[in-house]
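> Return atomic coordinates for the entry below.
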Amino acid sequence: MIRVPLFCFLLILFSASFVHGQTLYKIRTVAFYNVENLFDIENDSLTFDDDRTPKGKDQWTQARYEQKLSNISMVLSQIGRMATGSSPDVIGICEVENLQVIEDLVHHPNLAQKDYGIIHYDSPDERGIDVALLYKKGVFLPVSWASHRLLLFDEPGIRNYTRDQLVVSGLLDNEEIYFIVNHWPSRSGGEARSRPNRMAAAELNKRIIDSIQRRNATAKIISMGDLNDDPTNDSLKKVLQTKRKKEGLEEGDLFNPMEQLFRKGIGSLAYRDQWNLFDQIFLTSSLIKPKEGTYKFWKAAVYDAPYLITKKGRYKGYPFRTYAGGSYTGGYSDHFPVYLYLIKKAVPKQKTGPYQKLETKY
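Numbers count the residues shown, from 1 in each chain. Below you'll find the predicted structure:
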């Protein structure tokens, strides 16, 4: 009996070869990851980044920075690999300090060969953290991009500086699609007290989506981010009016696959032994029932691989983070990444992957 090495088997599985009598699908992965304070070691006099410096409270050294880059880049290289054999095609990230740390991330050996492009703006956030979009240059071609400012004011009328919302339109394998990357205001001061800020963020997100849909009612839009709210909170259900079921969606509706996961007890971060699913990806109904031969939603998930989970101690079972209880632990992030797959039927004459036969009926 001839034994085929596992590597060769996987190579065959994810290659462009076709199986007669079976329907194959082209698969693309879209992911989002809150990378938990990816800062360089320099002190920026314009932001509150003093803790993340060598002399700061966190003793943020070059060695720790490089370990963080290695950790995060390794995670990104693995998301979606089970179905595609490669890293995500489009990635939204948040809690990055500046363009340089993102460039260091995509040029790390774990990701360098993927040839990721970067779209990033400096936001006015007080801590200097931003959102960004990474994309494989051979898969996605950006056409336009803009940063939308979220204006918040405290009761005395003092500006509350927070993150912008990044909007990118482009061609995914020559198919027009829009991506919105979010990092909504935190729950600092308590959920109830901070709720109006996230309602305002949801309203901005809705205005962005509405403006796109006024130009094209069937536009394919994917909005993702750390929303600091669960799928069942008012910001999602009342402002954005997201739906948890694919059945009955009408043109322009927003489908949130993360709500079903949340109702099953699945989360992306934990606090005081309670799981939340703040990291979400939701999309327009045009990605549920698209035109024949174009991309559509397949499924979504939280990427909670065993190596991302704290193995022991007070935070056992929680995401394995960089700092815990004020001490450096050398982990990854206090959030798990989330991701979804887009699929479309493979064209017989095409000879480039990734392709896979899917067991689920669509």
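> ok, what's across the strand from the closest residue in space to Ile119 that isn't next to it in sequence?
For Ile119, the nearest residue in space outside its immediate sequence neighbours is Leu133; the separation is 4.5 Å by Cβ to Cβ, 6 or more residues apart in numbering. (C-beta placed from N, C-alpha, C; glycine too.) Listed by DSSP bridges, the beta-bridge partners for Leu133 are Gly92, Ile119.
> give me the number of residues near Leu133?
The tally of other residues near Leu133 (other Cβ atoms under 10 Å) stands at 26.
> Equivalent analysis for Asn256, please.
Taking other Cβ under 10 Å as the criterion, the count of residues near Asn256 is 24.
> wait, it sits on Thr242?
Yes - the criterion here is Cβ atoms under 8 Å, and Asn256 meets it with Thr242 at 3.9 Å.
> list residues touching both of the two?
Taking Cβ atoms under 8 Å, 6 or more residues apart in numbering as the contact rule, Asn256 and Thr242 both touch 231, 236, 282.
> what's the closest non-adjacent residue to Tyr315?
Leaving out its chain neighbours, Tyr315 is closest to Ala324 (Cβ to Cβ, 6+ apart), at 5.4 Å.
> next one: Ile281
For Ile281, the nearest residue in space outside its immediate sequence neighbours is Met224; the separation is 4.2 Å by Cβ to Cβ, 6+ apart.
> My read is that that neighbour contacts Phe32, right?
Yes - with the criterion set as Cβ under 8 Å, Met224 and Phe32 qualify as a contacting pair; they are 4.2 Å apart.
> Any stretches of this structure with poor pLDDT?
For the chain, residues meeting the criterion pLDDT under 70 lie at 1-22, 347-362.
> what's the following helix or strand after the top helix by length along it?
The helix of greatest length in the chain, counted in residues with DSSP state H as the criterion, is given as helix 191-215. Moving toward the C-terminus from helix 191-215, the next helix or strand (DSSP states H and E) is strand 221-226.
> Kindly calculate the angle that that following strand makes with helix 191-215.
Relative orientation of strand 221-226 and helix 191-215, computed by axes from the mean of the first three to the mean of the last three Cα atoms, to 10 degrees: 160 degrees.
> Can I get strand 221-226 as PDB, trimmed to CA atoms?
The C-alpha trace of strand 221-226 is given here as PDB (Å, rounded to 0.1, in the frame of the first residue of the first chain):
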ATOM      1  CA  ILE A 221     -21.200  45.300   2.500                       C
ATOM      2  CA  ILE A 222     -19.300  43.700   5.300                       C
ATOM      3  CA  SER A 223     -19.000  45.600   8.600                       C
ATOM      4  CA  MET A 224     -16.700  44.200  11.300                       C
ATOM      5  CA  GLY A 225     -15.100  45.200  14.500                       C
ATOM      6  CA  ASP A 226     -14.800  45.200  18.200                       C
END
